[in-house]
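Chemist: Quick one, what's the 3D model for this:
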Amino acid sequence: MPMTFTFRENFENFDEMSFEEVDPNDPFHRPAGPAACEKMRILTEKLNVPRVIDHLHRPRLDRLLKRSLDQVGAVLITGRSGTGKTSIAANFAQQYERKAWYGVEAADSDWKIFSNYLSKGIWGNSPIGDGLEIRDLIDKLMAEPLPADAPRLIVLDDIHHVFDAKWFNDFFGAILQTASPATHLLFLSRSKPAFPLWRLRSKQALSVIDEKIIAFDQAETSAFCKKAGVSPGDCARFYTESFGRIGKLRALVQTT
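Modeler: I've put the predicted structure just below:
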């Protein structure tokens, strides 16, 4: 019988693996061996909260995210590569006891692949979400008996990779329409979806935080430079040259 590696719930313990019998038609089925271990390692990276080494705690963004998620339940953070979206979300996610992370890639545009990753990120190896259509999957997700005073956070990073998927509009609309106070949703994207967001914002179904808001202000830049041992003179120049983009700021700091 075909066998493959699987991981324990939420894929947090890569070294703790078990074996279980699987359907060979399952898109996650892989033959055992070094190649399977490497693919499973990649899988854990997709479904684990990234570790941010030099993240600067930014209370104003934490307050904004908390207020937006408490009031609306879903937030879309948009910004170009290097603006710090993932770092902000990874740091903020530490406030949640229950959290799920899914780093979306272009190869995930098939609904069966996307829904399997999403299910595994939320429920681990449980088959609760396997093979479900959009509405059924979301209904199961939102129907879970979770306390509203200690919500779960679900982060979909790089969600722009599937904006063009045929199912995306239905998925996005359905998950926002059935949002539960016990589940907070955080979407990270380099751009906005092709459809207008004003209706979702006007109905308070979605809050949008753009690149200008997440950019480092002067005080945050000074704090980051001080932490990195950069002189005040260089820091002032870096603030001007980086335009508040953490990727550019990190590159400038490394030149000193």
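
Chemist: tell me the phi and psi of residue 84?
Modeler: Dihedral pair for residue 84: phi 100, psi 20, per degrees, to the nearest 10.

Chemist: any weak-confidence spans in this protein?
Modeler: Residues of the chain meeting the criterion pLDDT under 70: 1-42, 54, 127-130.

Chemist: Strands along that one, start to end?
Modeler: Secondary structure of the chain by DSSP state E: the strands cover 3-7, 17-21, 74-78, 99-103, 152-157, 183-189, 207-209.

Chemist: Pipe the ones you listed into TSV and attach mean neighbour count per row.
Modeler: In this view, the C-beta of every residue, glycine as well, is placed from N, C-alpha and C. Converted to TSV, those look like this (neighbours: other C-beta atoms under 10 Å):
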stretch	mean neighbour count
strand 3-7	17
strand 17-21	10
strand 74-78	23
strand 99-103	23
strand 152-157	23
strand 183-189	23
strand 207-209	19
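
Chemist: how about the ones you listed in JSON lines, adding distance to residue 110?
Modeler: Compiled in JSON lines, those are given as follows (distance: least, C-beta to C-beta, whole Å):
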{"stretch": "strand 3-7", "distance to residue 110": "20"}
{"stretch": "strand 17-21", "distance to residue 110": "24"}
{"stretch": "strand 74-78", "distance to residue 110": "23"}
{"stretch": "strand 99-103", "distance to residue 110": "15"}
{"stretch": "strand 152-157", "distance to residue 110": "16"}
{"stretch": "strand 183-189", "distance to residue 110": "19"}
{"stretch": "strand 207-209", "distance to residue 110": "27"}
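
Chemist: For residue 89, give its distance to residue 55.
Modeler: 11 Å (C-beta to C-beta, to the nearest Å).

Chemist: Kindly report the same for residue 217.
Modeler: For residue 217 relative to residue 55 (C-beta to C-beta), the value is 16 Å.

Chemist: what do you get for residue 63?
Modeler: On the measure of C-beta to C-beta, residue 63 and residue 55 end up 16 Å apart.

Chemist: Which of residue 217 and residue 55 has more residues huddled nearby?
Modeler: residue 55 (16 against 13; other C-beta atoms under 10 Å).

Chemist: quick one, what contacts the more buried one?
Modeler: 87, 90-91 (C-beta atoms under 8 Å, 6 or more residues apart in numbering).

Chemist: mind saving the C-alpha coords of stretch 196-210 as PDB?
Modeler: Provided in PDB are the C-alpha atoms of stretch 196-210 (Å, rounded to 0.1, in the frame of the first residue of the first chain):
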ATOM      1  CA  PRO A 196     -13.400  47.300  -6.600                       C
ATOM      2  CA  LEU A 197     -13.200  47.000  -2.900                       C
ATOM      3  CA  TRP A 198     -15.300  50.100  -2.000                       C
ATOM      4  CA  ARG A 199     -18.500  48.000  -1.500                       C
ATOM      5  CA  LEU A 200     -16.700  45.600   0.900                       C
ATOM      6  CA  ARG A 201     -15.200  48.600   2.800                       C
ATOM      7  CA  SER A 202     -18.500  50.500   2.900                       C
ATOM      8  CA  LYS A 203     -20.200  47.400   4.400                       C
ATOM      9  CA  GLN A 204     -17.400  47.000   6.900                       C
ATOM     10  CA  ALA A 205     -16.600  43.600   5.600                       C
ATOM     11  CA  LEU A 206     -12.900  44.500   4.900                       C
ATOM     12  CA  SER A 207     -10.400  47.000   6.000                       C
ATOM     13  CA  VAL A 208      -7.500  48.000   3.700                       C
ATOM     14  CA  ILE A 209      -4.100  49.100   4.900                       C
ATOM     15  CA  ASP A 210      -1.800  50.300   2.100                       C
END
